[in-house]
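Student: Predicted model, plus sequence, below.
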Amino acid sequence: MEAFVTETGKAVVLPRDDIDTDLILPKQFLKNILKTGFGVDLFYDWRYLDDGSPNPDFALNRPENQGATILITGSNFGAGSSREHAVWALTGYGFRAVIAGSFSDIFYMNATKNGLLPIQLPKEQREFLETVRPEERIYIDLPHQTVTLREHSFSFEINPQWKNKFINGEDDIDITMKYEQQITEFEQQRPNYD
């Protein structure tokens, strides 16, 4: 997992509540079992017209939003199906963080296991962040747990264990492998039932 310590990035605003995983990545794109290649289909039903061409009115397609790494959105983000592919689509597009009013529990956990930082902020703070101009950048400082735009900084909460995983770029397997020697020693003490 790629480490996340700080991020200075362009933001895209989708000020809608209840964006579920089928809107994030529709079901017809779940055939790939790899974690890559999903970014092009992110928000497919909003992002493309019926003829497959980009929808010029959708926020991600606007020229000023190209290269965005931070998504600002409403509450209950990632509800619906538990598909991990939704997170892979967001990271595949290039997002490193999603700032929302709330997240579905499963989506939140999938995000923390795949290097996408989920940040929960109240509506009034998100409304300020939504005023970000294309030439401005939002600064996320994970060690200090703050999001900053212009002279305003907002604090967010994160479980200390997940915070350490992000900062150190470690997933559950990486952490388990730190105990490889102890696991091997334990296994050698177990009876062999061959």
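Tutor: Happy to help now that I have it.
Student: so how far is residue 149 from the residue nearest to residue 137 when sequence neighbours are not counted?
Tutor: Once flanking residues are discounted, residue 137 sits nearest to residue 8: 5.0 Å by CB to CB, 6 or more residues apart in numbering. (Glycine included, C-beta is placed from N, CA and C.) In this structure, residue 8 and residue 149 are 11 Å apart, going by CB to CB, to the nearest Å.
Student: show me where this protein has helices.
Tutor: Listed in chain order, the helices of the chain (DSSP state H) span 21-24, 44-47, 85-93, 105-113, 123-129, 160-168, 172-177, 180-189.
Student: quick one: the second one to chain centroid distance?
Tutor: Its chain's C-alpha centre lies 18 Å from the corresponding centre of helix 44-47 when counted by CA atoms, centre = their mean, to the nearest Å.
Student: buried set for that helix?
Tutor: Taking 16 or more other CB atoms under 10 Å as the neighbour-count basis, helix 44-47 is seen to contain the buried residues 44, 46, 47.
Student: Show me where this structure has its strands.
Tutor: Along the chain, counting by DSSP state E, strands occupy 6-9, 11-14, 70-73, 97-100, 117-120, 138-141, 146-149, 152-155.
Student: Remind me what the fifth one packs against, helices and strands.
Tutor: Meaning strand 117-120. Under the contact criterion of 3 or more CB pairs under 8 Å, 6 or more residues apart in numbering; DSSP states H and E, the helices and strands touching strand 117-120 comprise strand 97-100, helix 105-113.
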